[in-house]
Each structure stands twice: as structure tokens, then as C-alpha cells.
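Mind looking at a prediction? Sequence and model below.
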Amino acid sequence: FFLFLFELYAIQSEVQPSNFVPYGIDSGDTPMDRRLNALTPPIKIKALFPYFNEKYDEIKLWSHGLILFGNQTYNNLPHAVPGRFPLPSFICVSPYWADTDITTDQNSNIFYREIDTDVNALLIITDMVKRAYPALTSQLYMLCQ
């Protein structure tokens with residue numbers, strides 16, 4: 001399971017940080033580059049991720065909410081976000097799809113991490129999925145070593 005969190009303190013809403021899986025530097029997260037339209041370097045993931053008859057061991061994260069699969073070079077990511085989705089010629093999923101700009105807000109960050117053996121975090125995530133989508137079957141997945 002790969003966790004991609006967007007932390008925005010500037011927006012005040014009903015969403016409280018206590019409703020999230022523990023996140024931030026203290027939880028082992030990596031902060032994304034603060035540049036506009038930031039794209040991470042390739043990130044090797046520990047377990048092969050099956051997606052449309054392919055299996056991937058590498059992803060890249062884009063600051064506007066895309067998880068991009070494989071070792072492709074993504075030079076022309078669309079800048080009109082949110083926009084039409086899915087994106088032709090991009091192998092990706094979108095946990096959120098927003099025109100994110102944290103370059104002028106020093107209190108906001110985008111964090112990411114891979115969760116494979118943190119049983120507490122996996123249980124929290126499993127419970128969140130079950131509550132949000134009760135009709136779906138959810139399972140707790142752990143990397144078997």
C-alpha cells in the first residue's frame with residue numbers, strides 16, 4: 001500500500017488531522033519538493049503493484065495528485081488540472097486531482113511513504129476503506145517476506 005498525503009493547513013474545514021493515518025516527518029514520510037508541478041524521482045516499491053495486466057515496481061508522484069507507474073519519462077504532464085481524466089498515454093491513478101500550489105504557503109506540505117509492515121497504519125487504512133465503502137470487500141494487505 002502506498003500512502004500519498006496532502007497536508008494543507010491554510011484551508012479550514014471539517015477535516016481534522018486526527019482523522020488521518022499518522023503522517024509527517026515524525027511518521028517516516030518523505031516531503032515532496034515544494035516547486036510548482038513537482039515530480040519525484042523514480043521510487044522503487046517493495047512489492048509489485050498489479051495494474052491493468054501489468055506489474056510495476058517503480059512509481060513517480062506528481063504534486064497535483066497523480067501516481068505514475070513504470071520507468072517512463074513524463075516530460076509533458078498536463079498543467080490544466082483538474083481536467084479530463086483518465087489521461088491518454090499516462091499510466092496513472094489519481095488519489096486526488098487538484099491544481100496544487102504550495103510554493104507560497106510555507107505551512108503546507110505533500111508527504112509520501114510506502115506502508116508495508118506497519119500493522120497499526122494498515123488497520124487504520126482498512127477501517128477507513130470499510131467505513132467509506134461498506135459494499136466493497138476490503139482486506140488487510142501486508143508484504144510477505
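Everything's here; your move.

alpha carbons only for contacts and neighbour counts from here, please
Noted.

for the strand or helix carrying Met128, which positions count as buried?
Using DSSP states H and E, the element containing Met128 is helix 119-132. Under the neighbour-count criterion of 16 or more other CA atoms under 10 Å, helix 119-132 has 121-122, 124-128 buried.

Show me what it is packed up against.
Counting contacts by 3 or more CA pairs under 8 Å, 6 or more residues apart in numbering; DSSP states H and E, helix 119-132 is packed against no other helix or strand.

re the thing from before, same list, the buried residues of helix 119-132, but as a markdown table with distance to Ala38 and pLDDT please.
Formatted as a markdown table, those follow (distance: CA to CA, whole Å; pLDDT from 0 to 100):
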| residue | distance to Ala38 | pLDDT |
| --- | --- | --- |
| Ala121 | 27 | 83 |
| Leu122 | 27 | 83 |
| Ile124 | 29 | 84 |
| Ile125 | 26 | 81 |
| Thr126 | 29 | 81 |
| Asp127 | 31 | 83 |
| Met128 | 28 | 81 |
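
Strands of this protein, start to end?
Assigned by DSSP state E, the strands in the chain fall at 2-7, 30-31, 43-51, 54-61, 67-69, 92-93, 109-114.

and the angle from the fourth one to strand 109-114?
What separates the directions of strand 54-61 and strand 109-114 is an angle of 150 degrees, with axes from the mean of the first three to the mean of the last three CA atoms, to 10 degrees.

Go ahead and name everything in contact with strand 54-61.
Outside strand 54-61, the residues within contact range by CA atoms under 8 Å, 6 or more residues apart in numbering are 39-50, 67-71.

ok, back up a step: nearest to Gln16, of the buried residues of helix 119-132?
Closest approach to Gln16 among these (CA to CA): Met128, at 14.2 Å.

Tell me how far the closest one lies from Ile43.
25 Å (CA to CA, to the nearest Å).
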